[in-house]
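Asker: structure, please.
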Amino acid sequence: SIEVKPVAHICGDSKRTSAEQCDDGNLLDSDGCSATCVVESGWQCVGEAQSISTCTEIVMATIAFNESDLGIHLEGTVVNISLVRHGNQTPEVSVRLQTVDAGATSSQYYNGDTALSGDYSPVDEVVTFASGDVYQTVSVRLLEDGLYFEPDEMLYLSISEVSSPGLKGEPALATVTIQD
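Answerer: Numbering: from 1, shown residues only. Next up is the predicted model:
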C-alpha cells in the first residue's frame, strides 16, 4: 500500500518548500530571507525545492563618467566621453548627458564679435545602456573659433534625468579644457 505523508513546511530547516519563498537555514531577518521565509525587499534568493536558498543583495546601478577630468584638448578635435555602469547590469537604463558652458561657450554670439563659431558643438542626448551594457561613449566636437591666443576654456558635462528610481548618476559633472 502507498502511504501519503503531509509535507512539513518548517521555516529555517534549509529545505525550501512550496509554502516558502526561500529558506536559508536560519530564522534571522535582514539576511535576504526573513524569519518567516519570505524574500526581503532589495534581495533575491535562489535555490531548488528541498534545498537551502542562497540570498544576495541587489546592487543598484550607478552611471558615472569614467573620468571626471577629461583633460586638455585642442580646438578642432573630438573628445570621446566614456560613461560606465557599475552595479546591476541587468535592466535597461538611461541618463541624459548635456554639455554646459563654463568659460567655453557653444554660442558664436557669446564667443565675441570676431569669433567664427562657438567653442564646441553642444550635446544634449539620452544615453541608453541595454541589458548587459557596461560602457557607452558620446563625442563632443571642439570647434576652431578663429580666436587666437585665448586662455584655456572649460566646459562641463552633466549627467541628469536617470531612468529608474534605483539608478544613480555619479559623479554628475565632468570637465573638458579647451586649448587654442
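Asker: for the residue nearest to Asp23 when sequence neighbours are not counted, give me phi and psi.
Answerer: The spatially closest residue to Asp23, leaving aside those adjacent along the chain, is Arg16, at 4.2 Å (C-beta to C-beta, 6 or more residues apart in numbering). (Glycine included, C-beta is placed from N, CA and C.) According to degrees, to the nearest 10, the main-chain angles of Arg16 amount to phi -70, psi 130.
Asker: can you give me the strands for the protein?
Answerer: 43-46, 54-57, 62-65, 69-74, 78-86, 93-102, 124-129, 135-141, 153-160, 168-169, 173-179 (DSSP state E).
Asker: packing partners for the last one?
Answerer: Judged by 3 or more C-beta pairs under 8 Å, 6 or more residues apart in numbering; DSSP states H and E, strand 173-179 is in contact with strand 69-74, strand 153-160.
Asker: deepest-packed of these, please.
Answerer: Ranked by mean neighbour count under mean count of other C-beta atoms under 10 Å, the helices and strands packed on strand 173-179 are led by strand 153-160, which reaches a mean of 19.
Asker: tilt between that strand and strand 78-86?
Answerer: Relative orientation of strand 153-160 versus strand 78-86 (axes from the mean of the first three to the mean of the last three C-alpha atoms, to 10 degrees): 30 degrees.
Asker: list the strands paired with strand 153-160, with their directions.
Answerer: Using DSSP bridges, the strands paired with strand 153-160 in its sheet are strand 93-102 (antiparallel), strand 173-179 (antiparallel).
Asker: rewinding a little: let's have the helices and strands packed on strand 173-179 in CSV, adding mean pLDDT.
Answerer: As requested, these are exported to CSV (pLDDT from 0 to 100):
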stretch, mean pLDDT
strand 69-74, 92
strand 153-160, 91
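Asker: just put the ones you listed in CSV and tack on distance to Gln179.
Answerer: Converted to CSV, these look like this (distance: least, C-beta to C-beta, whole Å):
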stretch, distance to Gln179
strand 69-74, 5
strand 153-160, 8
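Asker: of all those, which one is nearest Glu20?
Answerer: Ranking the helices and strands packed on strand 173-179 by distance to Glu20, with C-beta to C-beta as the measure, places strand 153-160 first at 41.2 Å.
Asker: tilt between that closest one and strand 124-129?
Answerer: Using the same axes, to 10 degrees, the interaxial angle of strand 153-160 with respect to strand 124-129 works out to 50 degrees.
Asker: between strand 135-141 and strand 153-160, find me the angle.
Answerer: Calculated by the same axes, to 10 degrees, strand 153-160 forms an angle of 140 degrees with strand 135-141.
Asker: nothing else from me, thank you.
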